[in-house]
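Novice: model this:
(2 chains)
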Amino acid sequence: MEKIILTDEKIKSDLLPQKFGRRGMIWTAILITFCAVGLFAYIRQLQYGLIVTGMRDYASWGIYISNFVFFVAISLVGSLITAVLRLTGVHWSTPLTRISEIIAVSAITFASLIIIVDMGRPERFYNLFLYGRLQSPIIWDVTVIITYFVISLFLLYLPLLPDIQILLTRKENKGFHKLYKFLGSFWKGTHMQFHISEKAISILCVAIIPVAFSIHTVTSWLFATTYRPGWDSTNFGAYFISGAFLVGSGAVVVAMYVFRKYYKLEHYITEMHFDKMGRIVVMLALLYMYFNVNEYLTPVFKMKKSEEGFLNGLFIGDFAPIFWSAIFGGMIIPIIILLFKKGRKPFPMFIAGIMIVVGAWFKRFLIVTPTLLHPFLPMHNVPENYKHYFPTWEEWAIALGSLAGALLIITIFVRIFPIIPIQETLIEEHEKAQHHK
Amino acid sequence: MNTNNTSRKEFLASLVVSGLALAGCSSKGNPFDTGGTDIKPTGEKVKLLSVDGEVIEVDKAFLKPVPEMPAVSNSEARKGIPGKKFVMVIDLSRCKNLRKCQEACNHMHHIHTDLNWLKVYPMEEGEHTAPYWQPTTCMHCDQPPCVKVCPVDATFKRQDGIVLIDADRCVGCRFCMAACPYSIRVFNWEKSDMVTPELAAQPYSCESSMPQKVGTVGKCDFCPDMARKGEIPHCVSACPNGTFFFGDINEDSVTNGAETFRFSDLVKDKAGYQLMDDLGTHPSVYYLPPASRNFPFEKGLENEKGKS
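Specialist: A predicted model of the protein is given here:
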């Protein structure tokens, strides 16, 4: 590859947020349509109650809850890329920090929204604060999710300040100058300000790791604190966290590919980045597979009577097609692709990333619903449709709408702010230049 | 000035008539509404005492009977009946899946047949053992998993052992349903047509669990409203075979209405057990094994026809 000299001016103009092209417009319109349909479905749900969903007394949690788990899982990548890699002194990940942080913020936003959608009485949400009881894992979840959201927001905002100052000096994106001024006019780029910001980011990077572990461990405890087959597991916290890092990294790979291609960022997100991310994804996928083996092998070995129906349902029964697709498509095939050097090129990585993300969504569904359809006592004295679960169009519309909403936040964010940190790229280029002299 | 005066009278009268219990409880509609303006004054006056201690005169036509009020306030209902510890014994040898218990329960609590609080399961312990019918109510566990997980204290355990739900507080997260190993909790997925407008207008009572509200969880409540009156739950009195026994463990007696037993003797003599007690839930419901049964299992199958 030819070596292009990256001047300050070139870096700045390359990384500025760009206007939507035709494809960008169509993409945004599609997302808005999905959100609108989802909103319409939710209005119907508010009107008629949760009866519009496919959930009933046995399958009392459905794709809303699995979607919630998915969002919480994917948001964990913010802490991995920003904090873990930063604290371990990895520098190549700089261009990926903002991508992972905006994924974290948008995912956690929709995780909170989808949990409200699942409530039978959303207008009583404030009861959680009025009457909240500390022994309920839901209260733990609310606490850590709010904490995680705030820290993630700061980790997105603080590194953005120097970039906002740069944006304010440019004549492009005049329309957003008012917003830029509101967000960052106090930033003068003084030595003191950089010092404080650096220090704050370091502290937040340390703080976010236990909080990130907490949000997903506590989310897993929503299930593991019950007696049910498939949930009654001490493995759940680690199992959820390893899966979360995997799906988040998969999402970052997909985002890297899309931004690189669409915004022509080949000099900033290089093949080296894909190669390194590919290695990380393989490691995480192997880790997740290890916990999957732990999660399923020991119960299958024992085949307790109470778990027999559940396990058979997953391995050879109704849920087997989804189960094996999620295991192979979401884990084994991506591992095989990414083990090869050729597989760690941008396009195969993109495909592997999509497989991981889609596989992870269905894996969350398999964690939530099959368990509920295998209660301890027989399913009896209930209407026939209580014994199965298939989401209604309203549920699909709301779930897809929430996914579209998370993508919409990311899309709007990159329209307004540089997706690759300009200031940090400048500093790194200067350091590189110094090094070469 | 005259019209103004009348409306003041109406206002005060309705205040008195609807009673203090209503004030501030009902969020639905105007609590000061006399329920129609087409009431013709009869001319016959009744003297009443207003809340301010003022004696007022009200036309008899404006007096309306108060709907049945909960015997106790909801904060009182959270405490429970002092000195009591309720217990139920279900004799499996007497059940033939007649489901009179279910019918009575559904009728008295105005619940839909899709949402039975009381279910009768066909059970079979092992491959070569005999099947039997198992009526299943809420176990009113002493270590209730549902209460542990409720984020808002909407479901709670009382000093008399009963686990109840405050449907005015429930946020409908359904964590309790996932937590209950007995799957006894039901959710009001939609507005029930069993809840009449008159019933819906009543303030919710934790002790009668009525009226059931859309978007909240419901379940068997051990009928504490009946216990307060010194009566037995509806399922107990409805069973023609006397399958259910209800009582107080402190008094050590249980009754099905016709027969009364010493609780400790009954569970000892008949080898009573609790359902899935290995989970550590400590249920308040005891089962007597289906030994020397009054009816063959097959008899109960006939009752399955035409029902879900």
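
Novice: which bits of the stretch 101-250 of chain A sit near chain B?
Specialist: Within the stretch 101-250 of chain A, the residues that sit near chain B (CB under 8 Å from any CB of the partner chain) are A:118-122, A:124-125, A:127-128, A:130-133, A:135-139, A:142, A:222-223, A:225-228. C-betas here are computed from N, CA, C, even on glycine.

Novice: Pull out the buried members of those residues.
Specialist: Using 16 or more other CB atoms under 10 Å in any protein chain shown as the burial test, these include A:118-122, A:124, A:127-128, A:131, A:133, A:136-139, A:142, A:222-223, A:225-228 as buried.

Novice: I'd like to know which of the residues you listed are part of helices.
Specialist: Among those, the ones falling in helices (DSSP state H) are A:118, A:127, A:128, A:137, A:138, A:139, A:142, A:222, A:223.

Novice: from those, which two are the most distant?
Specialist: Comparing every pair within those by CB to CB identifies A:127 and A:223 as the most remote, at 22.5 Å.

Novice: Contacts only, for the closest residue to residue B:239 other than its chain neighbours.
Specialist: Nearest residue to residue B:239, sequence neighbours excluded (CB to CB, 6 or more residues apart in numbering or on different chains): residue B:101, at 5.2 Å. Contact analysis of residue B:101 by CB atoms under 8 Å, 6 or more residues apart in numbering or on different chains lists B:118, B:120, B:135, B:234, B:235, B:236, B:238, B:239, B:243, B:244.

Novice: so where do the strands sit in chain B?
Specialist: B:45-49, B:55-59, B:86-91, B:119-123, B:132-136, B:155-157, B:163-165, B:186-187, B:217-218, B:244-248, B:253-255, B:260-262, B:285-288 (DSSP state E).

Novice: between those strands, which gets nearest to chain A?
Specialist: Among those, strand B:119-123 comes nearest to chain A, with 4.1 Å by CB to the nearest CB.

Novice: how about that closest one, does it reach chain A?
Specialist: Yes. Contact of strand B:119-123 with chain A (CB under 8 Å from any CB) involves B:119, B:120, B:121, B:122, B:123.

Novice: Can you name the residue of chain A nearest to chain B?
Specialist: Among the residues of chain A, residue A:120 lies nearest to chain B; the distance is 2.0 Å by CB to the nearest CB.

Novice: Can you give me the neighbour number for residue B:198?
Specialist: Around residue B:198 there are 9 other residues, counting by other CB atoms under 10 Å in any protein chain shown.

Novice: So it versus residue B:39, what's the distance?
Specialist: Residue B:198 sits 18 Å away from residue B:39, going by CB to CB, to the nearest Å.

Novice: And for residue A:26?
Specialist: Counting by CB to CB, the separation of residue A:26 from residue B:39 is 64 Å.

Novice: So these two - more neighbours on which side?
Specialist: More neighbours surround residue B:39 than the other of residue A:26 and residue B:39, with 14 against 11 (other CB under 10 Å).

Novice: Excluding covalently adjacent residues, which one is nearest to the more buried one?
Specialist: Nearest to residue B:39 is residue B:61, by CB to CB, 6+ apart, at 4.9 Å.

Novice: All the helices of the stretch 51-200 of chain A, in order from the start?
Specialist: Counting by DSSP state H, counting those that start in this stretch, one finds helices in the stretch 51-200 of chain A at the ranges A:63-75, A:77-78, A:85-87, A:94-118, A:127-130, A:137-157, A:160-169, A:177-184, A:191-224.

Novice: Redo those helices as TSV? Include mean pLDDT.
Specialist: Conversion of the helices of the stretch 51-200 of chain A to TSV gives the following (pLDDT from 0 to 100):
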stretch	mean pLDDT
helix A:63-75	96
helix A:77-78	87
helix A:85-87	87
helix A:94-118	94
helix A:127-130	94
helix A:137-157	95
helix A:160-169	92
helix A:177-184	92
helix A:191-224	94
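
Novice: Out of those helices, which one sits most buried?
Specialist: Neighbour counts (mean count of other CB atoms under 10 Å in any protein chain shown) averaged over each of the helices of the stretch 51-200 of chain A peak at helix A:77-78, with a mean of 28.

Novice: Show me what that one is in contact with.
Specialist: The contact list for helix A:77-78 (CB under 8 Å, 6+ apart) reads A:100-101, A:103-105, A:152, A:155, A:208, A:212, A:244-245, A:247-249, A:251-252.

Novice: Spell out which two among the residues you listed are the most distant pair, please.
Specialist: A:155 and A:247 (19.5 Å).

Novice: Now for residue B:148: which residues touch it?
Specialist: So residue B:148 contacts A:135, A:136, A:225, B:179 (CB under 8 Å, 6+ apart).

Novice: will you turn these into TSV that also has distance to residue A:264 and pLDDT?
Specialist: Formatted as TSV, those follow (distance: CB to CB, whole Å; pLDDT from 0 to 100):
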residue	distance to residue A:264	pLDDT
A:135	53	92
A:136	50	95
A:225	49	95
B:179	52	96
